[in-house]
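S.K.: this is a predicted model, with the sequence first.
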Amino acid sequence: MTPWRSPYLKWRLETYTGVKVQAIGFFEFWGIMWRERREMAHFLGWTAEMENYARVKPKNP
């Protein structure tokens, strides 16, 4: 896996951090992820919570 090559992730990082897409390589990607790890963990927790709202479980399985 090479997430730092993903155009979508590069675009999201650019909009979040202001770092230009051309400047995001391996070290920049992991540097941003390390610096923002608390916010990323909070965001992932939030998306998991939203997933529960989006996928309503049937009452009678």
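M.R.: That came through, no problem.

S.K.: name the helix or strand of the protein that has the lowest mean pLDDT.
M.R.: The helix or strand of the chain with the poorest confidence is helix 7-17; it has a mean of 80 (mean pLDDT, DSSP states H and E).

S.K.: only the buried residues of that one, if you could.
M.R.: Residues 10, 13 are the ones in helix 7-17 that count as buried (16 or more other Cβ atoms under 10 Å). In short, each C-beta sits where N, CA and C put it, glycine included.

S.K.: residues in contact with the helix of greatest length in the chain: which ones?
M.R.: The helix that spans the most residues within the chain, counting by DSSP state H, is helix 37-54. Outside helix 37-54, the residues that touch it by Cβ atoms under 8 Å, 6 or more residues apart in numbering are residue 33.

S.K.: and for stretch 3-23?
M.R.: Under Cβ under 8 Å, 6+ apart, the answer for stretch 3-23 is 24, 25, 26, 28, 29, 30, 32, 36.

S.K.: what about the last one, how many neighbours?
M.R.: Which is residue 36. 15 (other Cβ atoms under 10 Å).

S.K.: for it, give me its contacts.
M.R.: 16, 17.

S.K.: that older thread, and the longest helix of the chain, C-alpha only, in PDB?
M.R.: Provided in PDB are the C-alpha atoms of helix 37-54 (Å, rounded to 0.1, in the frame of the first residue of the first chain):
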ATOM      1  CA  ARG A  37      -2.700  11.700  14.900                       C
ATOM      2  CA  ARG A  38      -5.000  12.900  17.600                       C
ATOM      3  CA  GLU A  39      -7.300  14.700  15.200                       C
ATOM      4  CA  MET A  40      -7.200  11.700  12.800                       C
ATOM      5  CA  ALA A  41      -8.100   9.300  15.600                       C
ATOM      6  CA  HIS A  42     -11.000  11.600  16.600                       C
ATOM      7  CA  PHE A  43     -12.100  11.800  13.000                       C
ATOM      8  CA  LEU A  44     -12.000   8.000  12.600                       C
ATOM      9  CA  GLY A  45     -14.000   7.600  15.800                       C
ATOM     10  CA  TRP A  46     -16.600  10.100  14.400                       C
ATOM     11  CA  THR A  47     -16.800   8.300  11.100                       C
ATOM     12  CA  ALA A  48     -17.400   5.000  12.900                       C
ATOM     13  CA  GLU A  49     -20.200   6.600  14.900                       C
ATOM     14  CA  MET A  50     -21.800   8.000  11.700                       C
ATOM     15  CA  GLU A  51     -21.600   4.600  10.100                       C
ATOM     16  CA  ASN A  52     -23.800   3.300  12.800                       C
ATOM     17  CA  TYR A  53     -26.400   5.900  12.000                       C
ATOM     18  CA  ALA A  54     -26.100   5.300   8.200                       C
END
